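# Return a 3D structure for these sequence lines:
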Amino acid sequence: MNETVNLPAGAGSIDLGEFAFEAGLVRLATVAAEGSPLDFSSPVVLAAVATALTDDPFAPFSTDALRALAPAALDAFDAALPTHDELQRLAPLWRPRLLSLAGRQAELTGEQTVVLRFEERLREIKLGMARAEAEGDEDRREALHAKYIEVGTSYAGRLAARER
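Numbers count the residues shown, from 1 in each chain. Below is the predicted model of the structure:
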């Protein structure tokens, strides 16, 4: 579900759908698992999201804010998981990230740790591509795009192997 919000200091706006995990984490910490974790339209959720934003349109969520909210989000996630179909579908990708942000890395399996490293690398490359594009550096953006495809293919293979 798309919801556009303004960044602080007039730094532009973002679509929360492009940052579903981050906005979902804030939503879980704020209103628990009532309804869809991907529905960001509630004024309460939007107000909470606003407090977690930075003025960087490429990395709009404060990592410190997400870390502070992660324990409450993880508790809400785990409490609702047994009966919440949508959270069950999100669990393989969201729960490891929640554990990591909540400082509970020791609970991750080796495979989850590897997948999180892939995800972090993909986020870094995507951020680099966006910045290169904003700076008009098409060569750097194309090189990063090729790297994104390479890492993304390995990541997808890893996820597919997990499903077998």
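
# CA atoms for contacts and neighbours, from now on please.
Noted.

# my guess is Arg97 contacts Leu116, does it?
Yes. With contact defined as C-alpha atoms under 8 Å, Arg97 counts as touching Leu116 (7.0 Å).

# Spatially nearest residue to the spatially most central residue of the chain (excluding sequence neighbours)?
Compute the mean C-alpha point of the chain, and by C-alpha atoms, centre = their mean the closest residue is Phe21, 3.3 Å away. In this structure, Phe21 finds its nearest non-sequential neighbour in Trp94, 7.0 Å apart by C-alpha to C-alpha, 6 or more residues apart in numbering.

# Which of the helices or strands spans the one you found?
helix 85-101 (DSSP states H and E).

# contacts for that helix?
Residues outside helix 85-101 that contact it (C-alpha atoms under 8 Å, 6 or more residues apart in numbering) are 21, 25, 36-37, 66-67, 70-71, 73-74, 77, 80-82, 105, 107-108, 112-113, 116.

# Now the buried members of those residues.
21, 25, 37, 66-67, 70-71, 73-74, 77, 80-81, 108, 112-113, 116 (16 or more other C-alpha atoms under 10 Å).
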